[in-house]
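>>> Predicted model and sequence below, questions to follow.
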Amino acid sequence: MPMDRARRAATLGPYFDLQLRFATAVAAAAGVPLDAVVLDYTNLHRRFGLGPPDAANLPVEWDEYATRLGDLADHGQRLAWTQAFFVRCPPEPVALPGQTVFGCFACDPPDAEGAVRIHFTNRDPPGAGPLSAGRFAARQRELTGMLIHLREVHPDAREIRGGSWLYSREAYRRLFPPEYRDSCQPLAAGGYFQGSSRWGQFLDHREALRPELGAAFLGNLAGLDPDRPWAVFPVPRFSAHAPIDVFYDYFRVV
């Protein structure tokens, strides 16, 4: 087994622990089997390099993981199995199907309304955090490259949209035009748990758990409402949007 993968499994152990505890709480509150809840309420499918989950066409690898997980009665055993399974899995793909990558940013093609959804993932080499002041210029270049791509390849694009806990951070918001920054609003509801737009808040740029957020999350689990499971997350997801022409003007893409 690759040693770096084993080290990552150890580092990510507390992160997996949070997700499994959350899934266990949801399963108990909703009366649903744990193996089914783990698919819908964690990002483990993605973390295992299996891509976005499709409940109608799940890979055999996930079936193996979920079946054994459901047979284990002890949380410690479930966590150990999750870490061991992670070590065996392939790396997460650089981008999801259909996305185009520009450093730490990626974008989807425009939807039927001309809206382009953007995403952020730390793809920087080890060192300063990707949102540090020293990496600001790099992030600006990546956004400029993305906008040049959209101007040339998708002239039908009309709007930029984003949704993530990251919009709670000034270090992230400052990367964007003022109109986009000013549009940021916390999402009062929403049930998407299979990516990093919620779960990413718990990790720093070294993939170590942020202890204060982890502790707050675990404290909130005692009051989990199965109809509002997102409410236990310390930092909500935010949405942001602005016309793409605002971005073209701000980044001087003509």
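Great, that's in hand. Residues are numbered from 1 along each chain as shown.
>>> Tell me which stretches of the stretch 101-250 of the chain form helices.
136-153, 170-173, 178-182, 196-199, 211-221, 244-250 (DSSP state H, counting those that start in this stretch).
>>> Relative to residue 107, which of those helices is closest?
Nearest of those to residue 107, taken as C-beta to C-beta: helix 136-153 at 5.5 Å. Every residue, glycine included, has its C-beta placed from N, CA and C.
>>> buried stuff in the closest one?
Within helix 136-153, the residues that count as buried by 16 or more other C-beta atoms under 10 Å are 139, 142, 143, 144, 145, 146, 147, 150.
>>> For the nearest residue in space to residue 92 that is not next to it in sequence, give its distance to residue 91.
Distance criterion C-beta to C-beta, 6 or more residues apart in numbering; nearest residue to residue 92, sequence neighbours excluded, is residue 49 at 5.1 Å. Using C-beta to C-beta, to the nearest Å, one obtains 6 Å as the distance from residue 49 to residue 91.
>>> about what we covered before: using CSV, lay out the helices of the stretch 101-250 of the chain together with distance to residue 25 and mean pLDDT.
Shown next, in CSV, are those (distance: least, C-beta to C-beta, whole Å; pLDDT from 0 to 100):
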stretch, distance to residue 25, mean pLDDT
helix 136-153, 36, 98
helix 170-173, 29, 98
helix 178-182, 34, 98
helix 196-199, 15, 94
helix 211-221, 5, 97
helix 244-250, 40, 98
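>>> With distance to residue 97 as new columns, can those be given to me in a markdown table?
Below are the helices of the stretch 101-250 of the chain laid out as a markdown table (distance: least, C-beta to C-beta, whole Å):
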| stretch | distance to residue 97 |
| --- | --- |
| helix 136-153 | 17 |
| helix 170-173 | 25 |
| helix 178-182 | 26 |
| helix 196-199 | 17 |
| helix 211-221 | 30 |
| helix 244-250 | 23 |
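>>> Just tell me which of the ones you listed ends up closest to residue 27.
helix 211-221 (12.2 Å).
>>> The closest one - contacts with which helices or strands?
For helix 211-221, the packing partners by 3 or more C-beta pairs under 8 Å, 6 or more residues apart in numbering; DSSP states H and E come out as helix 13-30.
>>> Much appreciated, bye for now.
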